[in-house]
Every structure is written in structure tokens, then in C-alpha cells.
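**Student:** build me a model from this:
(one chain, ligands or ions: 1)
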Amino acid sequence: MTESFRPREIRGTLDAAGLRFGLVVSRFNSFITERLLAGALDALEGGGASAQQTEIVRVPGSFEIPLAAKKLALGRRCDAIIAIGCVLRGETAHFDYVAGEVARGVQLAQMDTGVPVIFCVLTCDTLEQAIDRAGLKGGNKGWEAGLAALEMARLSRRLREPAAASPSCSGLQVQPAPVAPRARKRR
Ligand code: INI
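**Tutor:** Reported below is the predicted structural model:
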């Protein structure tokens, strides 16, 4: 690669100005999900989001998260949604069904609607593992999800900007393309 080959980079910043966020929170294992929610709200507030820009939707369990996230996304008011849940492995196969379906459903919700849906659903073997990830040893996954929401919301806005007359696939930051000198036709 030559030194002059520096393609444009497109990133989302962590600035919430003008963006709107939705959080879908499962009540099941609320001891964990409330801590994840607090972490996510901390991150959004740190990015400058106000309460007016932020909406919380409560659902009974993680299995219900995808439908609520999709309906929220279809309302076209959110720039990003954070899906918050906690699935703990029990003695039956229930864990696999709930964990698998919430992951699949969240991915479908964002792919079907084009609105980023950040996956903040813990899938842990033990309550201790979940506690570690909800603010103890493993940090707070809710806070990480809040940052991801800020970045993806901004990135999605940027990628939606008009692509007219741009040589790049995103259409952003159009710079005049260098004009190649025309070869003169010899007569
Ligand atoms: N929901 C969770 O969010 N976490 C769990 O660990 C869990 N377990 O273990 O059962 C759970 N079950 C409820 C499920 O999400 C639905 O709310 C329920 O099946 C009704 O559809």
C-alpha cells in the first residue's frame, strides 16, 4: 500500500445531540437488568442525552424483547435501541430456547428495520457471573451497550446522508475528484 492511499473513514461519535434512544428492559432477573439499565443510562447521559431523548419500555422477560424492540423501531422515532435482559442457565433446556431466540430476534429486529438494536442480554451460567457483568468485576455491560448505542445511532445517521454525486459507496464528505488531463486527439 502506498502512503498516499488513505481511504476515508466513517465513524460514529459518542455525542447524543439530536438523537433519540429507546431501551427495552426485561423484568425477569430485574436484580441484574436494573443495574444494566443504570449503566446504559449513565453512558447515554455522559454522551449528552437528556431524559426527553430517552424512552424506557418494560417487558416481562427476555423472550419478549425482540417484538417490543421491533415495534419501537418501526415507530421511526429511535436512532438506536438497547435490548436489556438476563438469561440464567437452569436445569432444563429453557435457557437455550430463551437465549437463542432473544439473540436471533434482536438481530432480526435491527436487520428488518434498519434501526440499530444493541444486544445487552446477559446469558450466564450463574447469578455470580451475571453480577460480575452488571457492575462488579467485569464492568457494566449496560454501560458498554450505551456507548455502542451512541456510536451506532450517529453512524446510522451519517450513513443515511444523501449520496448524490459521490464516487464512494457511503456518499459522505464528497471531495472533488481529481480531473485527469484529457489526451488531445491527433489529427
Ligand atoms: N426470562 C429471562 O429474561 N431470563 C431467564 O433466565 C428466564 N428463564 O430462565 O426462564 C426467562 N424466562 C421468561 C421468558 O423470557 C418469557 O418471559 C416467558 O417464557 C413468557 O413468554
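
**Student:** regarding the spatially most central residue of the chain, what is its secondary structure?
**Tutor:** In the chain, the residue lying closest to the centroid (Cα atoms, centre = their mean) is Ile118, at 3.5 Å. Ile118 carries the three-state label strand when classified by DSSP: H, G, I helix; E, B strand; the rest coil.

**Student:** name the nearest residue to the residue of the chain found nearest the ligand, sequence neighbours excluded.
**Tutor:** Taking Cβ to the nearest ligand atom, the ligand has its nearest neighbour within the chain at Gly61, 2.1 Å off. No exception for glycine: its C-beta is placed from N, CA and C like everyone else's. Closest residue in space to Gly61, ignoring its immediate chain neighbours: Phe28 at 3.9 Å, by Cβ to Cβ, 6 or more residues apart in numbering.

**Student:** how close does the residue lying closest to Asp132 once chain neighbours are set aside sit to Arg89?
**Tutor:** Using Cβ to Cβ, 6+ apart and skipping residues adjacent in sequence, the residue nearest Asp132 is Gly138, 4.3 Å away. Distance, Gly138 to Arg89, by Cβ to Cβ, to the nearest Å: 17 Å.

**Student:** Ala134 too?
**Tutor:** To Arg89, Ala134 is 16 Å away according to Cβ to Cβ.
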